[in-house]
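Enquirer: take this sequence and fold it.
(chains A, B, C and D)
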Protein chains: 2
Amino acid sequence: MTETFKPPSQADVAALAGVSSQTVSRVANERSNVDEETRQRVLSAMQVLGYRPNSAARALVTGRFRMLGVISFSLSAHGNSRTLQAISEAAQTAGYSVNLVGPESQTGGAMRKAFSKLTGQGVDGIIMIEAQILDHPDLRLPSGVPVVVADGDPDQLHPSVDNNQAVGAEAATAHLLGLGHRTVWHLAGPQDSYSARRRAAAWFSTLKRAGAPVPAVLYGDWSAGSGYAIGRRLAEDKDVTAVFVANDHMALGLIKALREAGREVPRDVSVIGYDDIPESGFFHPPLTTVHQDFEEVGRLCVSLLLDQLAHGHRPGGEERSMVTPQLVVRESTAPPPR
Amino acid sequence: MTETFKPPSQADVAALAGVSSQTVSRVANERSNVDEETRQRVLSAMQVLGYRPNSAARALVTGRFRMLGVISFSLSAHGNSRTLQAISEAAQTAGYSVNLVGPESQTGGAMRKAFSKLTGQGVDGIIMIEAQILDHPDLRLPSGVPVVVADGDPDQLHPSVDNNQAVGAEAATAHLLGLGHRTVWHLAGPQDSYSARRRAAAWFSTLKRAGAPVPAVLYGDWSAGSGYAIGRRLAEDKDVTAVFVANDHMALGLIKALREAGREVPRDVSVIGYDDIPESGFFHPPLTTVHQDFEEVGRLCVSLLLDQLAHGHRPGGEERSMVTPQLVVRESTAPPPR
DNA sequence: ACAGTATGAACGGACACTTGA
DNA sequence: CTCAAGTGTCCGTTCATACTG
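Expert: All right, here's what the predicted structure looks like:
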C-alpha cells in the first residue's frame, strides 16, 4: 500500500512562502491588497508544492461548490450528448465543473431523487436535459437551487432553453408541401417526448393552415429500427408521397424499408428528417433534414443558470430561450411522382 | 431577491429530535450503537426538516467525496458517450456521483490540468476515456488518486480497460480474406489515436500472416466526410475490392463515394466497418462491422476503480482488462467480382 | 463494566476585524 | 488615513475521548 498522499494546504504554502495563511488565501482568490513581491513568492510556493485549493473546505465556508449538476436520462440520444458536451465546455470556461446524474426512470420520484442527490453533493445549480416527467407533469422541485430545463417540458416553473421545434417542423412540412405534395405524413417520436409532441403539433397546424388533409400520426421510438418497422407499413400505401420524420435515425430506417418495397426516395416518396446528425449528408440519398444547434442550447443553459446564480433566483418568472433550427435541403426530397 | 435558503444542519435535526448532533451523525452513517427508538426519532426529524448531510463538510474531514472524475476529450464520438453513460450508471449504483471534465486539448499539459482540477474537486478516483497524450506519451500523473484508463494508451502506469482491438481488426480482415479477396485495404482512424493504431497493426499482421500484399494505409479522422474524401480516391483504383474501415461513420462516407463512382458495394467492393453503431444495420447496404461493447467497458472501469479504492492503490501493478468485440456480418461484404 | 450519549478537537479555507507601518 | 499583512472565530462533519446512568 502506498503511503497516504496528503495534498498541500494553505498553511504549507504559507510556511514555505513565509507569510500567513490569510495571505495565501488572498493570493488564491486574486484579492487586490497584496504586495506584488509577496504575491510572486506565494505563487511560486504554490507551484513548488503543487497546491490546489481544497474545494470541500472552500465550499464549506462559501456555500458554493462551483459545480453544476446535470440530469440527463439518456446519453445515447444524439442531441443529449451534444448538449452535455456544450454544457461541460461552457461550465468549464466559467470555472464550474459538471456533476452528471442519470435518473433511474423518467418518473417524478426518480427525478426528485436525482435532484436531491445533486443538491446533496452541493451543486450550485441544476440543468435538466430533456426532462420528461411522465407520471406527474407538474413536478415541484424543492427550491433553493436554481434550475434550467433544456428541451424539456416547460409546464414547469423553471426557465428553459429549447430548440424551436415549431419553426423546424413547420419548415420541414412547408418544404414538402411547397414541392407539390398533396399532404405530408408524419412519423413522430414517442408520445411522452415533449420535443416529439411539439414537432407533431407544428406539423399538424401547418397542414391545417394549408388546407391539406391530415393523415394519422405514426409513432416510433427514435430508433432506426422503429423507423424501419413503420416504413414497411407505410410502403404499402401508394398515397404516401411525403413523410416528415421526427429524427434522422428513424428516417434512415424508413428509407431502407421503402427501398426494399421498391419505392425509391425521393422519386416515389420524399423523406425529411430532423436533427441533422453529422452522418445524414452521407445517407443514401443524402437526407434533407432540420439542423438543430445543440451547442447553442448547452451554452444558453449554462449562461441562464449563471445569471440566476449571480442575480438571485429567477429574476423574471418563467424565462424561455429558443434556439432557431435550420432547414437543410439535400436530396431526399423532390416533387411528387407523375 | 428570494431570501437565502439555509439548509438544515445536523444540529437542527439534533435539536428537533432532542439528542446531540453526534447521535445524528451516527444515524446518518448507520452506526450500530444507537438505540432503535432514538434512531427513529432522529430519522423522522430528518424527514421533517428535509435534512441532507453537507457533503462539503463531510468530505473535508473524511477526505472522500464519493465522487468519480471522468476525463473525456470528446463526447461526440459514439463510443465515448456510450462508455460515459455506462460509467455514470455503474457509479450511481455504487453510490458515487460523476464529475465530468473535458481537457482543452490532448496534450500532457491539458490532461494534467484536467486531472488536477478533478483532484481539487476532491474526486476519489479518475477514469480517463480515450486519453491520447499526444505530445508526451509517458505522462506521469501526480499520484494519490487511483486512475483507470479506458481505451487509451496503455504505456502508462495505470490499470486500463480496453476493447480488444486486435481481435476485432483481425476478425474483420480475416473475414474479407476468407471471402476470397486477394488483399484488404485499410482506412484507419487518425494516427494519434491508440485504438486506430491497434486496429491498423492487427490488420497489418493478419495480412502478413496470410501472405497477402499490404497496401498503403489510408488515414481519416473518424468522420463520414473523411471517409467520403478517401473513398473518392480509392474508387479510381480498380484493384481495390475490399476495404476494412476503422469505424462505421467513415465506412458510410466511403460507400457513398464508391457508389457515386459507379462501384457497387458489395458487388465491386466489400466494405467492413467498426463499432456497430445502432444505425449501421440500416445503412445501404446494411454494414458488416465489428461490434464493441462499450457498456461493458464502462462497467469494468468503475469496478476496477472501486477495487483500487477499497484495497489501496493498484494492488498488482499494471492491470489490463480486455473486452472482446464481435464480428457482425451483414450485407456490405461479399466475394470479389468475377 | 457496559450501553448509549455528550464533548471538543480537527479538516482547510474565507471573512470581518485588527495591527503595524 | 491608507495599504499590506496577521489574528481569531466559524462553516458542518467526523472521530477519539470522556462522560453518565
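
Enquirer: tell me the SS of A:Leu252?
Expert: Put simply, A:Leu252 is helix when judged by DSSP: H, G, I helix; E, B strand; the rest coil.

Enquirer: pretty sure it contacts A:Ala224?
Expert: Yes - counting by C-beta atoms under 8 Å, A:Ala224 is a contact partner of A:Leu252 at 4.9 Å. Where C-beta positions appear, they are placed from N, C-alpha and C, glycine not excepted.

Enquirer: what about the two, which has more around it?
Expert: A:Leu252 (29 against 26; other C-beta atoms under 10 Å in any protein chain shown).

Enquirer: contacting residues for that one?
Expert: A:Ala224, A:Gly227, A:Gly273, A:Phe283, A:Leu287, B:Glu279, B:Phe282, B:Phe283 (C-beta atoms under 8 Å, 6 or more residues apart in numbering or on different chains).

Enquirer: what separates the fifth one from A:Pro159, distance-wise?
Expert: What it means is A:Leu287. Separation of A:Leu287 from A:Pro159 (C-beta to C-beta, to the nearest Å): 33 Å.

Enquirer: who's more crowded, these two?
Expert: A:Leu287 (28 against 25).

Enquirer: next, show the common contact partners of A:Leu252 and A:Ala224.
Expert: B:Glu279, B:Phe282.

Enquirer: quick one: residues contacting A:Tyr185.
Expert: One thing to correct before we go on: residue A:185 is Trp, not Tyr. Taking C-beta under 8 Å, 6+ apart as the test, what A:Trp185 contacts is A:Pro215, A:Leu218, A:Leu234, A:Val240, A:Ala242, A:Val243, A:Phe244.

Enquirer: element containing A:Val61?
Expert: Using DSSP states H and E, A:Val61 maps to helix A:55-62.

Enquirer: which parts of that helix count as buried, going by neighbours?
Expert: Residues of helix A:55-62 classed as buried: A:Ser55, A:Ala56, A:Ala57, A:Arg58, A:Ala59, A:Leu60 (neighbour count, 16 or more other C-beta atoms under 10 Å in any protein chain shown).

Enquirer: of those, which fall within the contact range of DNA strand D?
Expert: Among these, proximity to DNA strand D is found for A:Ala57, A:Leu60 (C-beta under 7 Å from any atom of the strand).

Enquirer: follow-up on the earlier one: can you check what angle separates the helix holding A:Val61 from helix B:55-62?
Expert: Per axes from the mean of the first three to the mean of the last three C-alpha atoms, to 10 degrees, the angle that helix A:55-62 makes with helix B:55-62 is 130 degrees.

Enquirer: can you confirm A:Arg259 is in a helix?
Expert: Yes - per three-state DSSP, A:Arg259 lies within a helix segment.

Enquirer: which pLDDT value goes with it?
Expert: The per-residue pLDDT reported for A:Arg259 equals 97.

Enquirer: any idea how far it lies from A:Gly220?
Expert: 18 Å.

Enquirer: and for A:Ile255?
Expert: With C-beta to C-beta as the criterion, A:Ile255 and A:Gly220 are 13 Å apart.

Enquirer: strands of chain A, residue ranges please.
Expert: A:67-72, A:97-101, A:125-129, A:147-150, A:160-163, A:185-188, A:218-219, A:242-245, A:270-272, A:289-291, A:320-323, A:326-328 (DSSP state E).

Enquirer: A:Ile255 and A:Gly220 - which one has more neighbours?
Expert: Applying other C-beta under 10 Å to A:Ile255 and A:Gly220 shows that A:Ile255 carries more neighbours, namely 30 against 26.

Enquirer: which ones are touching the more buried one?
Expert: Here A:Ile255 is in contact with A:Gly231, A:Val265, A:Val271, A:Phe283, A:His284, A:Pro285, A:Leu287, A:Ser332, B:His284 (C-beta under 8 Å, 6+ apart).

Enquirer: confidence score at it?
Expert: Value for A:Ile255, per-residue pLDDT: 98.

Enquirer: which stretches of the stretch 151-300 of chain A have low pLDDT?
Expert: A:154-156 (pLDDT under 70).

Enquirer: what's the neighbour count on the residue in it positioned nearest to DNA strand D?
Expert: The nearest approach of the stretch 151-300 of chain A to DNA strand D comes at A:His158, 25.5 Å away (C-beta to the nearest atom of the strand). Here the number of neighbours of A:His158 (other C-beta under 10 Å) works out to 23.

Enquirer: over to A:Ile87?
Expert: 30.

Enquirer: middle-most residue in chain A, spatially?
Expert: A:Thr83 (3.8 Å; C-alpha atoms, centre = their mean).

Enquirer: just list the residues touching A:Pro190, thanks.
Expert: A:Pro190 touches A:Ala196, A:Tyr219, A:Gly220, A:Asp221, A:Trp222, counting by C-beta under 8 Å, 6+ apart.

Enquirer: and the closest residue to the third one other than its chain neighbours, what does it touch?
Expert: For A:Gly220, the nearest residue in space outside its immediate sequence neighbours is A:Ser226; the separation is 3.6 Å by C-beta to C-beta, 6 or more residues apart in numbering or on different chains. When contacts are counted by C-beta under 8 Å, 6+ apart, A:Ser226 is found next to A:Gly220, A:Met250, A:Gly253.

Enquirer: just give me the neighbour total for the residue lying closest to A:Glu104 once chain neighbours are set aside.
Expert: Nearest non-adjacent residue to A:Glu104, counting by C-beta to C-beta, 6+ apart: A:Ala110, 4.6 Å away. Neighbour count of A:Ala110, defined by other C-beta under 10 Å: 18.

Enquirer: A:Pro103 is in contact with A:Ala110, correct?
Expert: Yes - assessed by C-beta under 8 Å, A:Ala110 is found in contact with A:Pro103 at 4.2 Å.

Enquirer: domains of chain A?
Expert: A:10-53, A:66-162+A:294-322, A:165-292 (automatic domain parsing).

Enquirer: wait, which of the ones you listed is closest to B:Ala131?
Expert: With C-beta to C-beta as the measure, domain A:66-162+A:294-322 is the member of the domains of chain A nearest B:Ala131 (16.0 Å).

Enquirer: now the end-to-end length of that closest one.
Expert: 26 Å (C-alpha to C-alpha, to the nearest Å).

Enquirer: hmm, back to that, which of the strands of chain A sits most buried?
Expert: strand A:242-245 (a mean of 29; mean count of other C-beta atoms under 10 Å in any protein chain shown).

Enquirer: any idea how far A:Ile129 is from A:Val101?
Expert: Distance from A:Ile129 to A:Val101, by C-beta to C-beta: 11 Å.

Enquirer: can you check which residues contact both of these two?
Expert: Common neighbours of A:Ile129 and A:Val101 (C-beta under 8 Å, 6+ apart) are A:Val70, A:Ile71.

Enquirer: returning to what we had before: next, see if the helix holding A:Val61 gets close to chain B.
Expert: Yes - part of helix A:55-62 sits near chain B under the criterion C-beta under 8 Å from any C-beta of the partner chain, namely A:Ser55, A:Ala56, A:Ala57, A:Ala59, A:Leu60.

Enquirer: contacting residues around the fourth one?
Expert: A:Ala59 makes contacts with A:Phe65, A:Arg66, A:Gly122, B:Ala56, as judged by C-beta under 8 Å, 6+ apart.
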